[in-house]
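*Asks:* I would like the atomic coordinates for the input below:
(chains A and B)
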Amino acid sequence: MTSAALRSRAWKLLEMVTTPLLPSDYLDLVSPLRAGADLRGRIEAVHPETGDAATIVIRPGRGWRGHTAGQYVRIGVDVDGVRLWRAYSITSPTNRQDGRVTITVKAIPDGKVSNHLVRRAKPGTLIQLDQPTGDFVLPRAKPAKVLYLTAGSGITPVMGMLRDVELDDVVMVHCAPRPQDVIFRSELHDLVADKKLRLTEMHTDTDGMLDIARLDELVPDWAERETWACGPAGLLDTAEDHWTEHGVPERLHTERFRPSIVVTGDGGEVTFSATGKTVDAAGTTPLLDIGEEAGVLMPSGCRMGICFGCITPLKAGAVRDLRTGEITEAEPGVLIQTCVSAAAGPCDIER
Amino acid sequence: MTAIDPTAHLTAEQIEELGRELDAIRDEVIASRGEKDAAYIRKVISAQRKLELASRGVLLFSIFPPAWLLGTAGLSVAKIMDNMEIGHNVLHGQWDWMRDPKIHSTAWEWDHVSPADQWKHSHNELHHTYTNVIGKDNDLGYGIMRVDEDQKWHPLHLGQPLWNFLNACFFEYGIAAYDLELGKNLHKRRRKNPEFRARAKAVGRKIRKQVLKDYVIHPLLSGPSFVPTLAATFTANLVRNIWSHSVIMCGHFPEGVQVFERRSIKGETRGQWYLRQMMGSANISGSRAMHFMTGNLSHQIEHHLFPDLPSNRYAEVAVKVRALFEKYELEYVTGPLPKQVFSAWRKVVRLSLPNRSPKVKTPAREQELVAA
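*Replies:* Below is the predicted model of the structure:
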């Protein structure tokens, strides 16, 4: 018998010992970061960067496959007892000796996860991790001339690149409201002093927003440079127009942080994505009734919110709890009780 | 059906007002649910797993009497925790709000021979929706007992103290049979129903796994302690079964608890539904440890009003609910465990015999509700 077959036999036997739980339920008690466990990480330190940004040092579990500079990772954090998932760029280099990775988070107003990470996260806390992903990365062959165009926390994936690969000719244009808001400012200035980077720092509180037409004067050879741009949608939209107008759109690589913008309202168009049906729903009618009227096979139970027999994934949009008025927005893994939930704007129910 | 309807003094408006006040209590808990509650259930789950692991470890040496005693006691408690404070409550969806896929009503499976999804249907949906409605809520007597004077007596009922005792000893099997609606489905034609067969198969699989684990694998692992370990797991299952049966009997059987007729719930409003839960349930008083070991089902009244609120909050909710009972002049049925168990058993024995005095015909609740 091969060792793999033996291992699987042994595992089957262990499952008989632990049923109805799994052996991993017990192993997680002692070794949540072990190989073969669901991917998790442990926060080991939180370093403040600016008034509202901090770098979180994470020790990933053994299943971590490593990242490429510029990629992001989705992390699941428990905030007030509720698990929420967000994506953050990885700011550590790929060859960090201690195997830790870092993300750098800027607290956004009313941001549940970002504020939690920047201000309340404690070393020792376990978080959930996905494998790193994203194609905002440098090509394998080093480009001769590079421009990084960033604003605000858009600097984070680029910092991951700067720390990872040394290039011969790098220019960076970075915008932030004030000097003290520039994340990684002293490290950037060190790179400048070492002549590894040419930096134009723009302070939008005093200088105003970056006028893309001024790029000619700031970086005269911008059109010859392979460019990586990351920042608010407005900046990226104008950059894309500008590069297209000048006939070099293929030189521009952008990364958009897409905070899911959910339009909440009263009622809306409901899509039952598994069945492929779309109907208009009032803000007062339970989604269970809406689905049944539309001929969608809906699981049901008590029809009054007590038995949880009707819960169904909410894939997109938002719903309102008819008893409390509470709004639930779609996130991966979010299930709703269709008998006491109504559409709060357009939404997508997986049925 | 009691001779006098204990809710007769309430007007329809008062009943709806009562419903609104209960909704407000619920909203308050939901708004304040958070990190502390999440930490609580995680701590309980982790403690249960450690206790089970340690007890099973000790039982490997159960040939030595002190190890047998310690391991059996630990395993009994671990099994009770698994079924009561964790399993029952997780399967109610009480912790779904945490969005942790591992502590979720859709994913949880428990140390019990009834598969979680079947139990959720008969318990969460049927029992909790139709609480104490004769003919609709089969938890009333589990289909094997007469629980109300109004039910017709049959000589077979003479045996119900014995059925009840056997049901207590093998409670998890009783529940599995009950979830399968075995009595109803054993008719020739129904037995062949593919849906029933699939469910029966699932129960069979679950029984096989549980029996294999408790009575074969763990005793085998114990080597020379095979027989004592087998006896230990049997004892732990027996203790868990008798304990949960006792706790659950206290929930709806003691004297003072009302049962309802089918027609009384036609067109029931939210307020009336709440009122039925209040009158149809009974609590157990006692220490915090007692509440914990009953999975907080000692707060049966609160649990029936708010089956999806985290169990660790029932104690604080109980204070407010009890105040409402007083305000609306209703009887809050509660008492220490021995008293409530005795009361429930006395009823089982009493109703095994035909009614002594002629039945009192009463206007009772349904007319009140129709008028409302």
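*Asks:* For stretch B:325-334, what is the distance to the chain centroid?
*Replies:* 22 Å (CA atoms, centre = their mean, to the nearest Å).
*Asks:* which residues are contacting it?
*Replies:* B:6-7, B:9-10, B:14, B:18, B:254-257, B:278-279, B:281-285, B:301, B:322, B:340 (CB atoms under 8 Å, 6 or more residues apart in numbering or on different chains). Quick note: C-beta positions are derived from backbone N, CA and C, even for glycine.
*Asks:* and the end-to-end length of it?
*Replies:* Start-to-end span of stretch B:325-334 (CA to CA, to the nearest Å) is 12 Å.
*Asks:* mind listing what's buried in that stretch?
*Replies:* B:Phe325, B:Tyr328, B:Leu330, B:Tyr332, B:Val333, B:Thr334 (16 or more other CB atoms under 10 Å in any protein chain shown).
*Asks:* Repeat that for stretch A:317-332.
*Replies:* By neighbour count on 16+ other CB under 10 Å, the buried set for stretch A:317-332 is A:Gly317, A:Ala318, A:Val319, A:Arg320, A:Asp321, A:Leu322, A:Arg323, A:Thr328, A:Glu329, A:Ala330, A:Glu331.
*Asks:* that older thread, biggest separation within the buried residues of stretch B:325-334, which pair?
*Replies:* B:Tyr328 and B:Thr334 (16.3 Å; CB to CB).
*Asks:* Any idea how many residues pack against A:Pro93?
*Replies:* 18 (other CB atoms under 10 Å in any protein chain shown).
*Asks:* Chain B contacts on chain A?
*Replies:* Applying CB under 8 Å from any CB of the partner chain, we find that chain A lies next to chain B at A:13, A:16-21, A:25-26, A:29, A:78, A:80-84, A:301-302, A:304-309, A:311, A:323-324, A:326, A:331, A:333-335.
*Asks:* Narrow the residues you listed to just the buried residues.
*Replies:* Buried, going by 16+ other CB under 10 Å: A:18-21, A:26, A:78, A:81-84, A:301-302, A:304-309, A:311, A:323, A:331, A:334-335, out of the residues of chain A next to chain B.
*Asks:* Let's see which of the residues you listed end up in strands.
*Replies:* A:Asp78, A:Val82, A:Arg83, A:Leu84, A:Ile311, A:Leu335 (DSSP state E).
*Asks:* distance of B:Leu59 from chain A?
*Replies:* When CB to the nearest CB, to the nearest Å is applied, the distance between B:Leu59 and chain A equals 12 Å.
*Asks:* Not counting sequence-adjacent ones, nearest residue to that residue?
*Replies:* B:Gly71 (3.7 Å; CB to CB, 6 or more residues apart in numbering or on different chains).
*Asks:* how about low-confidence regions in the stretch 151-300 of chain A?
*Replies:* Scanning the stretch 151-300 of chain A for pLDDT under 70 picks out A:258-261.
*Asks:* Please type out the PyMOL selection for whichever of the contacts of stretch B:325-334 turn out to be buried.
*Replies:* For the buried members of the contacts of stretch B:325-334, the matching PyMOL selection, counting by 16+ other CB under 10 Å, is:
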select buried, chain B and resi 7+10+18+254+257+278+279+281+282+283+284+301+340
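*Asks:* Cross the contacts of stretch B:325-334 against helices and list the overlap.
*Replies:* The members of the contacts of stretch B:325-334 that map onto helices under DSSP state H are B:Gln14, B:Leu18, B:Met278, B:Met279, B:Ile301, B:Arg322, B:Gln340.
*Asks:* quick revisit: tell me how many other residues surround the residue nearest to B:Leu59.
*Replies:* 28.
*Asks:* Can you tell me which residue is spatially central in chain A?
*Replies:* Nearest to the geometric centre of chain A sits A:Ala87, at 1.2 Å (CA atoms, centre = their mean).
*Asks:* Quick check: the residue nearest to B:Met249 when sequence neighbours are not counted vs B:Ile248, distance?
*Replies:* The spatial neighbour of B:Met249 that comes closest, neighbours along the chain excluded (CB to CB, 6+ apart), is B:Ala344 at 4.3 Å. Noted for B:Ala344: a distance of 10 Å to B:Ile248, by CB to CB, to the nearest Å.
*Asks:* now do A:Ala144
*Replies:* Applying CB to CB, the value for A:Ala144 to B:Ile248 is 76 Å.
*Asks:* The two: which has the busier surroundings?
*Replies:* Per other CB under 10 Å, whichever of A:Ala144 and B:Ile248 has more neighbours is B:Ile248, with 22 against 11.
*Asks:* leaving aside the residues next to it on the chain, what's closest to the more buried one?
*Replies:* Once flanking residues are discounted, B:Ile248 sits nearest to B:Leu297: 7.1 Å by CB to CB, 6+ apart.
*Asks:* for the one you found, what are its contacts?
*Replies:* By CB under 8 Å, 6+ apart, the contact list for B:Leu297 reads B:Met84, B:His88, B:Val247, B:Ile248, B:Gly251, B:Ile284, B:His303.
*Asks:* now the residues you listed in JSON lines, with pLDDT and secondary structure?
*Replies:* Formatted as JSON lines, the contacts of B:Leu297 follow (pLDDT from 0 to 100; DSSP: H, G, I helix; E, B strand; the rest coil):
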{"residue": "B:Met84", "pLDDT": "98", "secondary structure": "helix"}
{"residue": "B:His88", "pLDDT": "98", "secondary structure": "helix"}
{"residue": "B:Val247", "pLDDT": "97", "secondary structure": "helix"}
{"residue": "B:Ile248", "pLDDT": "95", "secondary structure": "helix"}
{"residue": "B:Gly251", "pLDDT": "95", "secondary structure": "helix"}
{"residue": "B:Ile284", "pLDDT": "98", "secondary structure": "coil"}
{"residue": "B:His303", "pLDDT": "98", "secondary structure": "helix"}
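*Asks:* ok, which pair from these is furthest apart?
*Replies:* It's B:His88 and B:Ile284 that sit farthest apart of those, by CB to CB, at 14.8 Å.
*Asks:* Please report the distance of the nearest residue to A:Gly63 once chain neighbours are set aside from A:Leu84.
*Replies:* Among residues not flanking A:Gly63 along the chain, A:Leu39 sits closest, at 4.9 Å (CB to CB, 6+ apart). As judged by CB to CB, A:Leu39 and A:Leu84 stand 17 Å apart.
*Asks:* do the same with A:Val263
*Replies:* According to CB to CB, A:Val263 and A:Leu84 sit 20 Å apart.
*Asks:* repeat for B:Ile134
*Replies:* Distance from B:Ile134 to A:Leu84, by CB to CB: 46 Å.
*Asks:* What of A:Leu235?
*Replies:* Counting by CB to CB, the gap from A:Leu235 to A:Leu84 is 27 Å.
*Asks:* Go through the top helix by length along chain A and flag the buried ones.
*Replies:* Identified as the longest helix of chain A according to DSSP H is helix A:3-18. Of the residues in helix A:3-18, A:Leu14, A:Glu15, A:Thr18 count as buried by neighbour count, 16+ other CB under 10 Å.
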